[in-house]
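# no letters, just coordinates:
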């Protein structure tokens, strides 16, 4: 009844598990019979259950789960719990299965993948990083082999041959970014044989909330004609001399920074008495804004680290180095100038795809994660997916203690250190979650001063991740981590060899401490979830200060409070203030997601038109047929001279070149349009409407123009040694391509600067 009411109201709720639960008895009843079968006979039973089409009917689903359970027991030494089978059934129905840490998501996902594959589906299991993609494919391989399906995996180091082989398997594990980059490269092939990714069929998304929500806005980029840019060191030095709150102001949410009137005067004097807003000096204002953004808003060891002479971004939701990720080129160069490191390569963008658009390509999609209900509304809104909350195999007995609230960060830190010393004296393992690298290193230094040994896991040493996590549950261990979300490894009590498990259990199990609340309640829950796996004892507690960024940015008008001598806030209303601040932060992230989705909808529609045309050229010789009509005389001459096959090849390459060149130019226009669209606020116009109003006519006639340019090029073709010389008419592919992800730090300083300038002019007049 409750679920029906939620659906009427349009509110997300958990999928009804009762139909799945009713099948568990029948699945278990098959177990004695299946255990008597040989491996060959069991594989045959799996093949028989695959002799039909999706979706699975009740009896076939029971058979699949029973056979899968027995195959897992034989090959992996793990008999799936009933709760894991509930997860399998939810995945096969296209839902997101919420399963707590340690509940066996990897095996549930593998059994669901096998179920899809047995009935002819080609399955891509999308992981958050290469390590997990390779690990899970290798781990589950014996299971897949017994069930009669093939498996492969793709990572950054995979060659083209290895990628093609992996994608030809029934089930392919790949990181989201690598799959996206392969799709982008496939979009530029000039021969069908060069493609590596098959048509999209079924996607199973691991860490679904992280991929589908946290990274949904992230554009994956394919760039070409790479070259080195010059870092703007002079501008970096100039803004480095500016004074905060005097020469520039940072807004309340920390996303934007702008020069004050005093700062504008200072900059103009430093640049030789120019006018930042004059047409003659128009190029200077963007350079100043970029340098100021890099200086004031992007902090070393918070947003990025400097490693091996390069600026490396930190993935904020996972605390890892974000490989192949960068800011938009101008901002990237500004940060590199600030840090006095060599400029990284840049070039024009050939194509992009967002993670959201990548996932929506798949007709069938499902996923699994430990924290899905908190974003159930977004999963329904953007992906038409419902959440199935799978109960734990064993009741969670973890004790989640109330937050400890303090007036200042210093008092909060003192309290946490004191608590760690108290708990550590009992031998109980402790995991401390921090917001960034700087916090983790400061805490580690403080512990060292206090004579307390700890191990640090952050973006500077994430290569040691698996080894650090494997020992985090040992007796007396203290682990400080910048972020535990998406790390894919359970913390087992007693450590890697489990030798001290009983002793650790007696201490109370893993004690998780948060060194402040995260901008998302899901990240809090993911940290908490590291304790109390599979019925283990454990505890969690968060330390918060009234001066934490979460509070100051999202609840700046919070009232006063009474404190103890140690600075602890005793006013109970402050717990709700903290929760309110977190909800505000979550709302802002949701609005960013929605805005990105709205803008990208039109871009995706236009790109789809170009891709459809491209497909017709590649697979149906559309280019050759069009040019035979547009340039009939020249087409006949060339056919007589070099043959129809050679002419068709030239026609294909020319047509594809102009389609791709046209899209590169059009996308650059769209990017510039969107970057400046917020200025339309000055006229009280809706930026999205304005974007569509300009973007739609700009695309009108795109295909006709590409066709006309192809005809012009075709008419100029010459023949050399019996071959058509394509290069002589300027048709060439990029000399090199490279991929990266754009880490979007949106800022709208231009509008504030413009408003400030108008005020300044008004004051002078």
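Good, I have the coordinates. Remember, predicted model here, so these are calculated numbers, not experimental data.
# okay, and residue 660 sits in which element?
Element membership for residue 660 (DSSP states H and E) is helix 644-676.
# so who does residue 204 touch?
Under the criterion of CB atoms under 8 Å, 6 or more residues apart in numbering, the contact list for residue 204 reads 91, 109, 112-113, 116, 123-126, 365-368. Placement of C-beta: from N, CA and C, glycine included.
# name the nearest of the residues you listed relative to residue 401.
For these, the closest approach to residue 401 (CB to CB) belongs to residue 368, at 28.3 Å.
# that closest one: what secondary structure?
When the structure is reduced to helix, strand and coil (DSSP: H, G, I helix; E, B strand; the rest coil), residue 368 reads as strand.
# next: residue 173.
For residue 173, the secondary-structure state derived from three-state DSSP is strand.
# residue 152 is in contact with that one, correct?
Yes. In this structure residue 173 lies within contact range of residue 152 using CB atoms under 8 Å: 7.4 Å.
# can you tell me what sits against stretch 552-565?
Outside stretch 552-565, the residues within contact range by CB under 8 Å, 6+ apart are 252-254, 406-407, 546, 551, 569-571, 573-574, 577-578, 580-582, 584-585, 588.
# can you flag the buried ones in those residues?
When neighbours are counted using 16 or more other CB atoms under 10 Å, the contacts of stretch 552-565 contain these buried positions: 406, 407, 546, 551, 569, 574, 577, 578, 581, 582, 584, 585.
# pretty sure the fifth one contacts residue 403?
Just to be clear, that refers to residue 569. No. Contact status for residue 569 versus residue 403: not in contact, 9.7 Å apart, counting by CB under 8 Å.
# go through stretch 584-603 and flag the buried ones.
Using 16+ other CB under 10 Å as the test for burial, stretch 584-603 gives 584, 585, 586, 589, 593, 596, 597, 599, 600, 602, 603.
# and for stretch 384-391?
When neighbours are counted by 16+ other CB under 10 Å, the buried residues of stretch 384-391 are found to be 385, 386, 387, 388, 389, 390, 391.
# among the contacts of residue 204, name the ones in helices.
Applying DSSP state H to the contacts of residue 204, the entries found in helices are 91, 109, 112, 113, 116.
# my read is that the second one contacts residue 126, right?
No. With contact defined as CB under 8 Å, residue 109 and residue 126 do not form a contacting pair (10.3 Å).
# now the common contact residues for those two.
Common neighbours of residue 109 and residue 126, counting by CB under 8 Å, 6+ apart, are 204, 206.
# residues in contact with residue 593?
Counted by CB under 8 Å, 6+ apart, residue 593 has contacts 213, 216, 217, 378, 382.
# okay, and the helix or strand of this protein with the least pLDDT?
For the chain, scoring each helix and strand by mean pLDDT, DSSP states H and E identifies helix 749-764 as the least confident one, at a mean of 38.
# what about the buried residues of stretch 584-603, which are in helices?
Cross-referencing these with the helices (criterion: DSSP H) gives 584, 585, 586, 589, 593, 596, 597, 599, 600, 602, 603 as the overlap.
# how many other residues sit next to the nearest residue to the first one once chain neighbours are set aside?
It stands for residue 584. Closest residue to residue 584 apart from its sequence neighbours, by CB to CB, 6 or more residues apart in numbering: residue 554 at 3.9 Å. Summarising burial for residue 554: neighbours were counted as other CB atoms under 10 Å, giving 23.
# and the one 10 residues further on, by the same measure?
When neighbours are counted by other CB under 10 Å, residue 564 registers 11.
# how close does it sit to residue 407?
If you measure residue 564 against residue 407 using CB to CB, to the nearest Å, the figure is 10 Å.
# same thing with residue 704?
Distance of residue 704 to residue 407, computed by CB to CB: 67 Å.
# could you look up the SS state of residue 451?
Classification of residue 451 by three-state DSSP places it in coil.
# tell me the contacts of it?
Not one residue lies near residue 451 by CB under 8 Å, 6+ apart.
# quick one: pLDDT of it?
On pLDDT, residue 451 comes in at 93.
# list phi and psi for it.
Torsion angles at residue 451 (phi, psi; degrees, to the nearest 10) stand at phi 80, psi 20.
# just residue 635 next, same as before
phi -60, psi -40.
# how about the residue positioned nearest the centre of the chain, nearest residue that isn't a chain neighbour?
Taking CA atoms, centre = their mean as the criterion, residue 215 is the residue nearest the geometric centre of the chain, at 2.9 Å. The spatial neighbour of residue 215 that comes closest, neighbours along the chain excluded (CB to CB, 6+ apart), is residue 355 at 4.8 Å.
# just to check, that neighbour is in contact with residue 211?
Yes. Judged on CB under 8 Å, residue 355 makes contact with residue 211 at a distance of 6.4 Å.
# overlap in contacts, those two.
Taking CB under 8 Å, 6+ apart as the contact rule, residue 355 and residue 211 both touch residue 176.
# what pLDDT is listed against the residue nearest to residue 584?
Each residue has a pLDDT score; the one for residue 554 is 91.
# just the strands in the stretch 401-550 of the chain please.
404-406, 430-433, 455-457, 478-481, 510-514, 538-545 (DSSP state E, counting those that start in this stretch).
# with the stretch 151-300 of the chain instead?
151-154, 171-175, 202-206, 219-228, 248-250, 257-259.
# tell me which of those strands is the most buried.
Per residue and on average, the most neighbours among the strands of the stretch 151-300 of the chain fall to strand 171-175, with a mean of 27 (mean count of other CB atoms under 10 Å).
# before we move on, the earlier item: from the contacts of stretch 552-565, which land in helices?
Cross-referencing these against helices under DSSP H gives 551, 573, 574, 577, 578, 580, 581, 582, 584, 585, 588.
# the third one is in contact with residue 551, isn't it?
Right, residue 574. No. With contacts counted by CB under 8 Å, residue 574 stays clear of residue 551, the gap being 9.1 Å.
# which stretch of helix or strand covers the residue lying farthest from the centre of the chain?
The outermost residue of the chain relative to its centre, with distances by CA atoms, centre = their mean, is residue 640 at 53.2 Å. For residue 640, the element it lies in under DSSP H and E is helix 632-642.
# now that helix: mean pLDDT?
Averaged over helix 632-642, pLDDT sits at 96.
# so residue 100 is in contact with residue 370, correct?
Yes. Residue 100 sits in contact with residue 370 when judged by CB under 8 Å, with a separation of 5.4 Å.
# now for those two: what residues contact both?
In the contact map built from CB under 8 Å, 6+ apart, the residues linked to both residue 100 and residue 370 are residue 529.
# so which bits of stretch 21-37 are buried?
By neighbour count with 16+ other CB under 10 Å, stretch 21-37 contains the buried residues 23, 24, 27, 30, 34.
# for the spatially closest residue to the second one that is not a sequence neighbour, what are its contacts?
Okay, so that is residue 24. In space, not counting the residues next to it along the chain, residue 24 is nearest to residue 82; the distance is 5.0 Å by CB to CB, 6+ apart. With CB under 8 Å, 6+ apart as the criterion, the residues that contact residue 82 are 24, 28, 393.
# okay, now the domains of this structure?
2-218+356-389, 230-343, 399-586, 617-680+701-733 (automatic domain parsing).
# and those domains, which one averages the lowest pLDDT?
Ranked by mean pLDDT, the domains of the chain end with domain 230-343 at the bottom, a mean of 80.
# please enumerate the helices of the stretch 401-550 of the chain.
409-424, 437-449, 465-470, 501-507, 521-528, 549-554 (DSSP state H, counting those that start in this stretch).
# what bridges to residue 456?
Per DSSP bridges, residues listed as beta-bridge partners of residue 456: residue 480.
# list the contacts for it?
Residue 456 makes contacts with 440, 441, 444, 479, 480, 481, as judged by CB under 8 Å, 6+ apart.
# which non-adjacent residue is nearest residue 590?
Spatial nearest neighbour of residue 590, chain neighbours left out: residue 378 (6.5 Å); criterion: CB to CB, 6+ apart.
# element containing the one you found, please.
Secondary-structure assignment from DSSP H and E places residue 378 in helix 376-383.
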